[in-house]
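Chemist: Would you be able to build a 3D model of this:
(one chain, ligands or ions: 2)
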Amino acid sequence: MIHSYFHIHSEHSYDAKLPLEEIAKGAMACGFTRVGITDHLNYNDPPFLQNIYDSAAGVKALREKYPFMFLGVELTPIQKAQFDYIAKNGTREGYALPKGADRYGIELALTKQELMALGIRYAVGAAHWSIDTIGTEEAHGFEGTLREFYRQQMWLAEDERVTILGHPWYNGHGFWGEDLSVIPRSMQMELAAAVKENGKYVECNSGMLFNKYTGEKYRYQYAEMLREYFEMGIRVTYGSDSHRSYNNDRILEEQPLAGRAHEAMAKYLAAAGFKDGDFYTLQDSDLW
Ligand SMILES: [Zn+2]
Ligand SMILES: [Zn+2]
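Modeler: Ligands and ions are numbered 1, 2, ... in the order given. Purely as a prediction, here's the structure:
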């Protein structure tokens with residue numbers, strides 16, 4: 001059902017350890033026709049920038065032997081005030097959360113021109129945390145976290161740097177891993193409309209489908225949500241978002257599910273009506 005793959009992390013992500021060549025070999029073994037590497041670029045500080053320089057150099061070298069591999073990036077919204085602080089001081093050290101409206105501003109680490117200058121061909125834009133607190137989303141609870149993810153995702157849907165909206169409604173904080181219907185229908189529809197209107201793609205992320213927060217009911221709901229996007233005319237891409245081993249990402253290692261992530265997903269996707277050929281492969285015209 002799935003033949004391409006646009007979200008995975010190599011050893012150049014701060015939180016991942018997969019060698020690039022292992023990813024390329026794994027992709028070939030699975031028969032993927034086009035694969036994008038999307039290492040994390042969270043902050044505009046030296047460690048993150050170095051990671052992305054290394055990722056770019058690594059993929060460039062890799063493409064000589066594996067030309068179906070492409071260089072992408074995963075961008076996450078950060079505080080605009082923090083972005084400005086880092087731009088001025090060269091470090092996140094010493095940054096303090098501003099008061100008032102300043103704490104809500106959103107930015108991404110590099111401009112589109114800067115990303116393109118590194119040879120990056122597309123971006124997965126994805127919300128991961130609340131940006132108006134220094135701590136974590138726990139400060140917000142369920143309602144606040146939901147509103148914050150909605151806000152960031154709507155922002156990403158409109159940003160020129162985002163090709164694919166990554167892991168919509170990321171559930172890595174455990175707030176909606178059991179029942180996706182806790183996300184109000186109005187929010188779902190407004191996000192889908194924004195994604196469609198701005199010509200973005202949306203991602204089927206197997207990491208979200210098999211993480212420790214996620215139950216069976218959620219998996220079927222998530223596949224149905226993606227099918228609804230698809231039926232609205234929005235293209236759906238696939239990414240395992242693996243950070244560790246290729247065939248069984250960390251999620252599958254934690255869960256006693258046999259097989260490879262994209263194969264383990266097939267029953268949920270089929271139940272929602274997905275057929276072979278429904279998943280979208282980024283074309284040259286989609287790439288920068
Ligand atoms: Zn992510
Ligand atoms: Zn990722």
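
Chemist: Mind listing what's buried along stretch 21-38?
Modeler: Of the residues in stretch 21-38, 23, 24, 26, 27, 30, 32, 34, 35, 36, 37, 38 count as buried by neighbour count, 16 or more other CB atoms under 10 Å. Every C-beta, even on glycine, is put in place using the N, C-alpha and C of the backbone.

Chemist: Settle this for me: the fourth one is touching residue 35, isn't it.
Modeler: I take that to be residue 27. Yes. Using CB atoms under 8 Å, residue 27 and residue 35 qualify as a contacting pair, with a distance of 4.4 Å.

Chemist: Which neighbours do these two have in common?
Modeler: 5, 68, 69 (CB atoms under 8 Å, 6 or more residues apart in numbering).

Chemist: Phi first, then psi, for the second one.
Modeler: Which is residue 68. phi -80, psi 0 (degrees, to the nearest 10).

Chemist: which stretches of this protein have low pLDDT?
Modeler: Counting by pLDDT under 70, the chain has low-confidence residues at 134-138, 244-259.

Chemist: Need the residues that contact stretch 80-88.
Modeler: Where contact means CB under 8 Å, 6+ apart, the residues beyond stretch 80-88 that reach it are 43-45, 92, 95, 97-98, 102-103, 105-107, 109.

Chemist: residues of it that come out buried?
Modeler: Under the neighbour-count criterion of 16+ other CB under 10 Å, stretch 80-88 has 80, 81, 82, 83, 84, 85, 86 buried.

Chemist: Check the offset of it from the chain's centre.
Modeler: Averaging C-alpha coordinates over stretch 80-88 and over its chain gives two centres that are 23 Å apart (CA atoms, centre = their mean, to the nearest Å).

Chemist: where does the residue of the stretch 1-150 of the chain found nearest ligand 2 fall, helix, sheet strand or coil?
Modeler: Residue of the stretch 1-150 of the chain nearest ligand 2, by CB to the ion: residue 74 (4.7 Å). Under the three-state scheme (DSSP: H, G, I helix; E, B strand; the rest coil), the conformation of residue 74 reads as strand.

Chemist: that older thread, now go through the buried residues of stretch 21-38 and say which are in helices.
Modeler: When helices are assigned by DSSP state H, the members of the buried residues of stretch 21-38 inside them are 23, 24, 26, 27, 30.

Chemist: any chance of those in TSV, plus distance to ligand 2?
Modeler: TSV is the format used below for those (distance: CB to the ion, whole Å):
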residue	distance to ligand 2
23	13
24	18
26	16
27	16
30	18
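
Chemist: Get me the contact residues on this protein for ligand 2.
Modeler: Taking CB under 5 Å from the ion as the criterion, the neighbours of ligand 2 within the chain are 74, 241.

Chemist: Quick one: the helices in the chain, in order.
Modeler: Remark: helices of the chain, listed N- to C-terminal, are 20-30, 46-65, 80-89, 112-117, 141-158, 185-197, 206-209, 216-231, 250-254, 261-264, 266-271; assignment by DSSP H.

Chemist: What residues sit buried inside the second one?
Modeler: Neighbour-count burial for helix 46-65 flags 48, 49, 51, 52, 54, 55, 56, 58, 59, 62 (criterion: 16+ other CB under 10 Å).

Chemist: hang on, the fourth one packs against residue 117?
Modeler: No. Counting by CB under 8 Å, no contact exists between residue 52 and residue 117, whose distance comes to 11.3 Å.

Chemist: residues shared between the contacts of the two?
Modeler: With contacts defined as CB under 8 Å, 6+ apart, no residue is shared by residue 52 and residue 117.

Chemist: got a list of what the residue of the stretch 101-250 of the chain found nearest ligand 2 touches?
Modeler: When CB to the ion is the measure, the stretch 101-250 of the chain has its nearest residue to ligand 2 at residue 241, with 4.2 Å between them. By CB under 8 Å, 6+ apart, the contact set of residue 241 is 7, 8, 9, 166, 167, 205, 206, 207, 208, 249.

Chemist: quick one on the thing from earlier: select only the buried ones of the shared contacts of residue 27 and residue 35 in ChimeraX?
Modeler: Restricted to buried positions by 16+ other CB under 10 Å, the ChimeraX selection for the shared contacts of residue 27 and residue 35 reads:
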select :5,69
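
Chemist: which residues touch the residue nearest to residue 60 when sequence neighbours are not counted?
Modeler: Across the structure, with CB to CB, 6 or more residues apart in numbering as the measure, the residue nearest residue 60 apart from its sequence neighbours is residue 119 (6.2 Å). Residue 119 makes contacts with 56, 59, 60, 71, as judged by CB under 8 Å, 6+ apart.

Chemist: Right, I'll leave it there.
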